[in-house]
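Undergrad: Let me see the structure of the following:
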Amino acid sequence: MRYMLKLNVKNETSRLRAVILGTAKSIGPKPTAEEAYDPKSLEHILAGTYPEEEDMVKEMEAVAAVFKKYDVKVYRPEIIEDYNQIFSRDIAFTIDDVLVKANILPEREKELDAIQYVIDQIDPKKVIRPPEEAHIEGGDVMLYNDYIFIGTYRGADYSDWLTARTNQAGIDYIKEQFPHKKIKAFDLNKSKNAKENALHLDCCFQPVGKDKCIIHKEGFRDISEYEWLVNFFGKENCFVITKDEMYHMNSNVFSIAEDVVISEQNFTRLNAWFRENGFTVEEVPYEQIAKQEGLLRCSTMPLIRD
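TA: Below you'll find the predicted structure:
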């Protein structure tokens, strides 16, 4: 049998050809405070400002329209009734020509079933899943050609944090599966305060363009790891975001190409920097989805880039 989907993703910025984009349709009743996975959702549940389904659907359709404009093949999850399927980055991720299924929180397992029709088009030898004790989510995995940057939490109280999603066993698994890559792990700050919580690595860092990155210093528990990244990219190539910009998820934009990026329309300072550096910025409204502590990178999962 010829498998139709030959995956290829080696970095965050090469020209995108195929992607899974989550869906906000039939998201179900608003969660209670006890059901919140992250501090930002909790904040909005308690304040009565948790986003409405129709607003989130509109926001995601705006992103789908941008993909269409650039002729990107878009796959959407099958709709599961009353179920949040926005954040497709959490459930699987592509490294080179391999799809890694994440060991997500057990109650989210159905989200993988909803993209099974896509997985069925990939050679099964190229679909892997870590052993149960290895936790790793796509938001913590950042590709940069020969490098894989991985966000983790090294605190002894790992199991107490719902926001700690990637552990040492997860990192070791990636090292075993991709021995030709240089793996660099980063210890991230976890907090019940949404302004101080780095849920995933892409909440405080992301490469953009050929040689640039967006980065937030306070997202890192170990300052020497932050400094390593700044030195790696070069200070002049780093757009350093404030605590407030991190809270609004400025590092969670999404690249269609080295010179084309999808960004939130309210990211004034970042979008100006992009344009000064020769990027085309496709601005979309995404502030409702951002209330769940996820933005553009979180809701997309690239399958093929050039």
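
Undergrad: And the helices in the chain?
TA: 39-47, 53-69, 110-113, 116-119, 168-177, 223-233, 243-247, 268-276 (DSSP state H).

Undergrad: Tell me which of those helices sits nearest to Glu133.
TA: Smallest distance to Glu133 across those (CB to CB): 5.0 Å, for helix 168-177. Every residue, glycine included, has its C-beta placed from N, CA and C.

Undergrad: could you say what helices and strands the closest one packs with?
TA: Helices and strands touching helix 168-177, by 3 or more CB pairs under 8 Å, 6 or more residues apart in numbering; DSSP states H and E, are strand 98-101, strand 147-152, strand 182-187.

Undergrad: most tightly surrounded among those?
TA: Highest mean neighbour count among the helices and strands packed on helix 168-177 (mean count of other CB atoms under 10 Å): strand 147-152, with a mean of 21.

Undergrad: The helices of the chain: which one's closest to Ser14?
TA: Among the helices of the chain, helix 53-69 comes nearest to Ser14, with 15.3 Å by CB to CB.

Undergrad: and that closest one, which residues are buried?
TA: Using 16 or more other CB atoms under 10 Å as the test for burial, helix 53-69 gives Glu53, Met56, Val57, Glu59, Met60, Ala62, Val63, Ala64, Val66, Phe67.

Undergrad: try stretch 11-26
TA: Buried-residue list, stretch 11-26, by 16+ other CB under 10 Å: 11-14, 16-25.

Undergrad: for the record, mean pLDDT for that stretch?
TA: For stretch 11-26, mean pLDDT rounds to 97.

Undergrad: what does stretch 227-245 contact?
TA: The contact list for stretch 227-245, computed with CB atoms under 8 Å, 6 or more residues apart in numbering, reads 149, 184, 186, 195-196, 205, 207-208, 211-218, 250-251, 267, 269-270, 273.

Undergrad: Which members of those are classed as buried?
TA: Buried by 16+ other CB under 10 Å: 149, 184, 186, 205, 207-208, 212-218, 250-251, 267, 270, 273, out of the contacts of stretch 227-245.

Undergrad: Only alpha carbons, please: show stretch 175-192 as PDB.
TA: Extracted C-alpha coordinates of stretch 175-192, given in PDB (Å, rounded to 0.1, in the frame of the first residue of the first chain):
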ATOM      1  CA  LYS A 175      17.200  11.100  22.400                       C
ATOM      2  CA  GLU A 176      16.900   7.300  21.700                       C
ATOM      3  CA  GLN A 177      14.500   7.700  18.700                       C
ATOM      4  CA  PHE A 178      16.500  10.500  17.100                       C
ATOM      5  CA  PRO A 179      20.200   9.800  17.900                       C
ATOM      6  CA  HIS A 180      21.400  12.000  15.000                       C
ATOM      7  CA  LYS A 181      19.900  15.200  16.700                       C
ATOM      8  CA  LYS A 182      21.400  17.400  19.300                       C
ATOM      9  CA  ILE A 183      18.900  17.500  22.200                       C
ATOM     10  CA  LYS A 184      18.900  20.500  24.500                       C
ATOM     11  CA  ALA A 185      16.400  20.600  27.400                       C
ATOM     12  CA  PHE A 186      15.200  23.700  29.300                       C
ATOM     13  CA  ASP A 187      13.800  23.800  32.800                       C
ATOM     14  CA  LEU A 188      10.600  25.900  32.800                       C
ATOM     15  CA  ASN A 189       8.900  27.800  35.500                       C
ATOM     16  CA  LYS A 190       5.600  26.400  36.600                       C
ATOM     17  CA  SER A 191       3.200  28.500  38.600                       C
ATOM     18  CA  LYS A 192      -0.500  28.800  39.600                       C
END
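
Undergrad: neighbouring contacts of it?
TA: For stretch 175-192, contacts defined as CB under 8 Å, 6+ apart pick out 39, 95-96, 98, 100, 128, 146-155, 161, 163-164, 171, 174, 196-198, 200-201, 204-205, 218-222, 225, 228-229.

Undergrad: How many neighbouring residues does the nearest residue to Glu53 once chain neighbours are set aside have?
TA: Nearest non-adjacent residue to Glu53, counting by CB to CB, 6 or more residues apart in numbering: Ile27, 4.9 Å away. Using other CB atoms under 10 Å, Ile27 has 22 neighbouring residues.

Undergrad: Tell me which residues touch Ile27, please.
TA: Ile27 neighbours (CB under 8 Å, 6+ apart): Glu53, Met56, Asp82, Tyr83, Asn84, Gln85, Ile86.

Undergrad: Tabulate those in CSV, adding columns for distance to Asp140 and pLDDT.
TA: Below are the contacts of Ile27 laid out as CSV (distance: CB to CB, whole Å; pLDDT from 0 to 100):
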residue, distance to Asp140, pLDDT
Glu53, 28, 92
Met56, 23, 93
Asp82, 28, 91
Tyr83, 23, 89
Asn84, 19, 89
Gln85, 20, 93
Ile86, 18, 92
